[in-house]
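>>> quick one, fold the following:
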Amino acid sequence: MNTVGSLRRRMTIGAGVTALLAGLALQAPAEAATRSGSPALVFASYNVCKTDCAAPAPSWDIRRDRVARTIVESSVDVVGLQEATHWPTTNAKTQFLDIQNLTAPYGFKSPEYTNDSDECRWTAENPRPCTHTTGMLFNTKTVQQVTTPNGTPSAGTMPMSRIAAGLTADAAPRKVVWAYLKGLNGAGPFLALSVHVSTLKDPANEASRIAFGASLDAWVQALNDAHGMAGVPVILMADLNSYRKRQPQGVQTTLTNAGWADAANAPVKRNVQYSTINYNPLLLAEQGFPKKPYAFKTSKKRPVLDATRIDYILTKGAGVVATDYEVVIRLNPDGTFIPEYQGSDHQMVRATIEIPAT
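Coordinates of the predicted model:
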């Protein structure tokens, strides 16, 4: 998709989610070329900002359509959501269900869990101790949930404490979503993960983020083995609350040192001069929802472009290759945000990833 566009059409969603995007021509982003015979899917990670997103954020009743529009128009096959909360909205029982309902007419659905595999399943009678801030959707037109060889559940949720020990009270209950999926084009199967680690910046929570990264490989191997899916590749869609300048040895480094590949290193990149989150001291009072994003630049002193990035798509597995990476941002010709796409204080990140057929 173009960094600077002329998408000025307005959309109003009235009664019923079937009106979503009515009259708006969906524009598929440009794609990187893929190798002959190597199927590819498009993955995204998107922190949508919880229902009480801090001022100057518009209300969720306004942002909900913007979030859905961004997901649908970005031609994604699988999206990991963060801050898609369990809190009620005026349109649905939870914020996550609201997003799911808005995107459902375009083929999107959540993985199907069993009561046992959905360890974070909340009921009034059994309120599981999970922080419900993550979700996952996939496009049924291009992706399907697999049936495991041994008949075990192929998707589930769990608290982060099931992956790593010794986590803080903020980190331990955070919900992790996992699902075994495959592309209808032959890509996969693969394990998809949606994760949102602690936002707190104190040493204990920094240690928890790193502990999660250090424990992930062993947990993935155990999960794959338990479900008869040994060796399948993994796609991690995550808000890691860690970036190179502030945390050079943070969880992102823990993961890449362990062999995870960062999709941001794809040969084709777009909009990487923009942060994945709209907070910068130079934005002054407009933190989170500025009229215009801050654009990072290189200089003689800073020859490497180093836009703030806490949202990631990471991969691990033989033959898995990211060919294209994008910070999804829609701007007017004058460089200001097109409001109809400004649904969060984060930008979605998006990557085209080749996954061998097995």
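
>>> show me where the stretch 151-300 of the chain has its strands.
155-159, 175-183, 190-196, 234-239, 261-262, 268-270 (DSSP state E, counting those that start in this stretch).

>>> what's the closest of those to Glu326?
Of all the strands of the stretch 151-300 of the chain, it is strand 268-270 that lies closest to Glu326, at 4.3 Å by CB to CB. C-beta here means a position set from N, CA and C on the backbone, and glycine is covered the same way.

>>> that older thread, can you tell me which of the strands of the stretch 151-300 of the chain comes nearest to Ser117?
strand 155-159 (3.3 Å).

>>> give me the number of residues near the nearest residue to Leu41 once chain neighbours are set aside?
Beyond its immediate neighbours in the sequence, the residue positioned closest to Leu41 (CB to CB, 6 or more residues apart in numbering) is Asp77, lying 4.3 Å away. Asp77 has 26 neighbours, counted by other CB atoms under 10 Å.

>>> kindly report the same for Lys292.
Using other CB under 10 Å, Lys292 has 14 other residues around it.

>>> thought it was touching Gly335?
Yes: Lys292 is within contact range of Gly335, at 5.4 Å (criterion: CB atoms under 8 Å).

>>> now the strands of the stretch 151-300 of the chain as a markdown table including mean neighbour count, distance to Leu102 and mean pLDDT?
Output for the strands of the stretch 151-300 of the chain, formatted as a markdown table (neighbours: other CB atoms under 10 Å; distance: least, CB to CB, whole Å; pLDDT from 0 to 100):
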| stretch | mean neighbour count | distance to Leu102 | mean pLDDT |
| --- | --- | --- | --- |
| strand 155-159 | 22 | 21 | 97 |
| strand 175-183 | 24 | 19 | 98 |
| strand 190-196 | 26 | 18 | 98 |
| strand 234-239 | 26 | 19 | 98 |
| strand 261-262 | 18 | 30 | 98 |
| strand 268-270 | 17 | 25 | 96 |
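
>>> next one: the nearest residue to Thr152 once chain neighbours are set aside relative to Trp178, how far apart?
Once flanking residues are discounted, Thr152 sits nearest to His227: 4.8 Å by CB to CB, 6+ apart. As judged by CB to CB, to the nearest Å, His227 and Trp178 stand 10 Å apart.

>>> check Lys300 too.
Between Lys300 and Trp178 the distance is 45 Å, computed by CB to CB.

>>> if we can go back for a sec, which ones are touching the residue nearest to Leu41?
Taking CB atoms under 8 Å, 6 or more residues apart in numbering as the criterion, Asp77 is in contact with 41-43, 138-139, 142-143, 183.

>>> redo the strands of the stretch 151-300 of the chain as CSV? Include distance to Ser59.
Compiled in CSV, the strands of the stretch 151-300 of the chain are given as follows (distance: least, CB to CB, whole Å):
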stretch, distance to Ser59
strand 155-159, 28
strand 175-183, 24
strand 190-196, 22
strand 234-239, 22
strand 261-262, 34
strand 268-270, 30
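
>>> which one of the ones you listed lies nearest to Val220?
Taking the strands of the stretch 151-300 of the chain one by one with CB to CB, strand 234-239 is closest: 5.5 Å.

>>> re earlier: common neighbours of His227 and Trp178, please.
Counting by CB under 8 Å, 6+ apart, nothing touches both His227 and Trp178.

>>> Ile329 is in contact with Val349, correct?
No: taking contacts as CB under 8 Å, Val349 lies outside contact range of Ile329: 10.2 Å.

>>> all helices for the stretch 251-358 of the chain, in order.
Ranges of helices within the stretch 251-358 of the chain are 251-257, based on DSSP state H, counting those that start in this stretch.

>>> run through it and note the low-pLDDT ranges.
Within the stretch 251-358 of the chain, no stretch has pLDDT under 70.

>>> go again using 80 as the cut-off
282-285, 303-304, 358 (pLDDT under 80).

>>> and for the stretch 51-200 of the chain?
Judged by pLDDT under 80, the stretches of the stretch 51-200 of the chain that qualify are 122-129.

>>> the helices in it, which residues?
Going by DSSP H, counting those that start in this stretch, the stretch 51-200 of the chain shows helices at 60-73, 95-103.
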